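[1] Prediction below, plus the sequence it came from.
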Amino acid sequence: MSGIRAVVVDPDAPNRLALARVEEPSPTPSEVLVRVEAVSLNRGEVRRAESNEPGFRPGWDLAGTVERAAAGSGPPEGSRVVGFLPSGAWAELAAVPTDAVAELPEGVSFEEAATLPVAGLTALYALEEGGNLLGRSVLVTGASGGAGQFGVQLARVAGARVVGLVRREEHVGLVEEAGAHEVVVDGSGAAAREQGPYHLVLESVGGEVLGNALSTLATGGTCVSFGVSAAAETTFDARTLYLTGGARLYGFILFHEVLAKPASGGLDRLARMVAQGGLRPRIEVEAPWTEVGEVAGRLIERGYTGKAVLRVGGV
């Protein structure tokens, strides 16, 4: 069968993910055709694979080389790029809109670049909800995860006092290494209140942690909720929230954010920070994409921190 190889949902494969032959993409005039070299995994897309129909093609993050340029805009043929898609990024070839792709500076590897789209853009755009962070206090929950570690680093670069929240003592060191001034170990998040109040909270855990995070906000503070890795439902003290004055809860989903702030701009900023040494992607797992099912299983089971990157190609 002709075409290209891509990761698809297969109910009979480990964690419902396997390689299969699919039709080669046909880019529109506003899309570049990218020969994909590396991709990374995110919890959301792996969770979607558990319920998507057979044949669905997951994948958000990719890095590779432009094989065919768009008509009159975007990176030229031969450019090394990083890109973001709503689905289908885990493939040998991908058609990527020019407003969702950015050229890579020298010195940034495909593997490093592949970690940036979802985790990096989420951290970057979520932090912007806090405005000027210089001298402000920022709490990052789930600080040992991919977006969490980017959030800690970017908040530190922005001049904030950064507190990281983790559930396991063994994760303290890596969050400190990312730049946190303080690291709190607590499954409920209540202990983080001692280091507050906070001008901004990046919250990805949900459940009890979200409820407690809302009570740590300073006057005019913002809690950005972008994940529910622990639980989707929460309770909180509404009286404490409104008496704080100007405190708000902001629901964040990257696919909405990029409508107003295209991914291309954010990816360019992140890639340049990596090239300059101001941002360090933490790649915990690196494997061939033939192992996508096994690596996805480890992600769901919290078998590693940081990011997992798969190399595309080979047997």
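    Looks like it arrived, so ask away.
[2] so where does the closest residue to residue 62 other than its chain neighbours fall, helix or strand?
    Of all residues not flanking residue 62 in the chain, residue 89 sits nearest, at 4.1 Å (CB to CB, 6 or more residues apart in numbering). Placement of C-beta: from N, CA and C, glycine included. Per DSSP states H and E: residue 89 is located in neither a helix nor a strand.
[3] okay, now residue 89: neighbour count?
    Number of residues near residue 89 (other CB atoms under 10 Å) recorded here: 29.
[4] Who are the packing partners of the helix or strand that residue 173 is a member of?
    Per DSSP H and E: residue 173 is located in helix 172-178. Packing partners of helix 172-178 (3 or more CB pairs under 8 Å, 6 or more residues apart in numbering; DSSP states H and E): helix 146-157, strand 161-166, strand 182-185.
[5] I would like the residues contacting the helix or strand hosting residue 298, please.
    Residue 298 belongs to helix 292-300 when assigned by DSSP H and E. The contact list for helix 292-300, computed with CB atoms under 8 Å, 6 or more residues apart in numbering, reads 7, 13-19, 41, 43, 46-47, 49, 90, 285, 287, 303-304, 308, 310.
[6] What strands flank the following helix or strand past it, and is each parallel or antiparallel?
    Under the assignment DSSP H and E, the closest C-terminal helix or strand after helix 292-300 is strand 307-311. Its sheet considered, strand 307-311 pairs with strand 31-40 (antiparallel), strand 283-288 (parallel) by DSSP bridges.
[7] Out of those strands, which is closest to residue 70?
    In terms of CB to CB, the element of these nearest to residue 70 is strand 31-40, at 5.1 Å.
[8] Off-centre distance for the closest one?
    17 Å (CA atoms, centre = their mean, to the nearest Å).
[9] And the next helix or strand past the one helix or strand residue 243 maps to?
    Assigned by DSSP H and E, residue 243 belongs to helix 238-244. For helix 238-244, the succeeding helix or strand toward the C-terminus, using DSSP H and E, is strand 248-251.
[10] Direction included, what does that next one pair up with?
    For strand 248-251, the paired strands and their directions (DSSP bridges) are strand 217-225 (parallel).
[11] Helix or strand next in line after the helix or strand harbouring residue 65, which one?
    Using DSSP H and E, the element containing residue 65 is strand 61-68. Going down the chain from strand 61-68, the next helix or strand is strand 80-84, by DSSP H and E.
[12] from the middle of its chain, how far away would that following strand be?
    On CA atoms, centre = their mean, the centre of strand 80-84 falls 14 Å from that of its chain.
[13] Could you export that strand as PDB, CA atoms only?
    Output in PDB follows, covering the C-alpha atoms of strand 80-84 (Å, rounded to 0.1, in the frame of the first residue of the first chain):
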ATOM      1  CA  ARG A  80      13.900  23.200  10.200                       C
ATOM      2  CA  VAL A  81      10.600  23.900  12.000                       C
ATOM      3  CA  VAL A  82       8.400  23.200  15.000                       C
ATOM      4  CA  GLY A  83       4.700  23.000  14.500                       C
ATOM      5  CA  PHE A  84       1.300  22.500  16.300                       C
END
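[14] tell me the angle that strand makes with strand 61-68.
    On the basis of axes from the mean of the first three to the mean of the last three CA atoms, to 10 degrees, strand 80-84 is oriented at 130 degrees to strand 61-68.
[15] Now do the strand holding residue 65: distance to the chain's middle.
    Centroid displacement of strand 61-68 relative to its chain, using CA atoms, centre = their mean, is 18 Å.
[16] For that strand, buried residues please.
    61, 62, 63, 64, 65, 66 (16 or more other CB atoms under 10 Å).
[17] among those residues, which two are most distant?
    Using CB to CB, these span at most 16.6 Å, a distance reached by 61 and 66.
[18] so where is the protein shaky, pLDDT-wise?
    Applying pLDDT under 70 to the chain picks out residues 1, 314-315.
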